[in-house]
Every structure is written in C-alpha cells, then in structure tokens.
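Colleague: Quick one, fold the following:
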Amino acid sequence: SLKEMERRWLEKVCGVSTLKKKELAKKLGVSRTTLWKKTRKG
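Modeller: Numbers count the residues shown, from 1 in each chain. Purely as a prediction, here's the structure:
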C-alpha cells in the first residue's frame, strides 16, 4: 500500500541520514511527531 511504501521510504531515509530526527523532520517539512508516527510499525 502507499502508506507502507511511505513508511519504508522514511525508515530508509532515517537510517542513512546523519541528521537528528528533529532536524530531519524539519528538512522533510513535517513535525518530529509526524515523522515518528509515520515510521512506527502498527
């Protein structure tokens, strides 16, 4: 599904990024909470 693809893409970006989650979220244009929600499994 699109939601699952987005989650996997964000996990990959988080895994290769040297930025902290807060900085990464800012670069992606989302809040840190949104980034966390979109990358958690469930």
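Colleague: what's the spacing between K37 and T18?
Modeller: Counting by CB to CB, to the nearest Å, the gap between K37 and T18 amounts to 22 Å. All C-beta atoms are positioned from the backbone trio N, CA, C, and that covers glycine.
Colleague: Same check on R40?
Modeller: 22 Å.
Colleague: quick revisit: what about K37 and T18, which has more around it?
Modeller: Between K37 and T18, K37 has the larger neighbour count (other CB atoms under 10 Å), namely 12 against 6.
Colleague: Report pLDDT for that one.
Modeller: On the pLDDT scale, K37 is placed at 89.
Colleague: Check what contacts the lengthiest helix in the chain and list those residues.
Modeller: Longest helix in the chain, counting residues (DSSP state H): helix 2-16. With contact meaning CB atoms under 8 Å, 6 or more residues apart in numbering, helix 2-16 is reached by K21, L24, L28, L35, K38, T39, K41.
Colleague: What's the mean pLDDT across it?
Modeller: 90.
Colleague: what comes up buried for the helix or strand just after it?
Modeller: Downstream of helix 2-16, the next assigned helix or strand under DSSP states H and E is helix 21-28. Buried positions in helix 21-28, judged by neighbour count with 16 or more other CB atoms under 10 Å: L24, A25, L28.
Colleague: what are the C-alpha coordinates of the following helix or strand past helix 21-28, in PDB please?
Modeller: Following helix 21-28 in sequence order, the next helix or strand is helix 32-39 (DSSP H and E). Provided in PDB are the C-alpha atoms of helix 32-39 (Å, rounded to 0.1, in the frame of the first residue of the first chain):
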ATOM      1  CA  ARG A  32       9.100  15.300  14.700                       C
ATOM      2  CA  THR A  33       5.800  13.700  16.000                       C
ATOM      3  CA  THR A  34       4.600  13.100  12.400                       C
ATOM      4  CA  LEU A  35       7.900  11.600  11.400                       C
ATOM      5  CA  TRP A  36       7.700   9.200  14.500                       C
ATOM      6  CA  LYS A  37       4.100   8.300  13.700                       C
ATOM      7  CA  LYS A  38       4.800   7.600  10.100                       C
ATOM      8  CA  THR A  39       7.800   5.400  10.800                       C
END
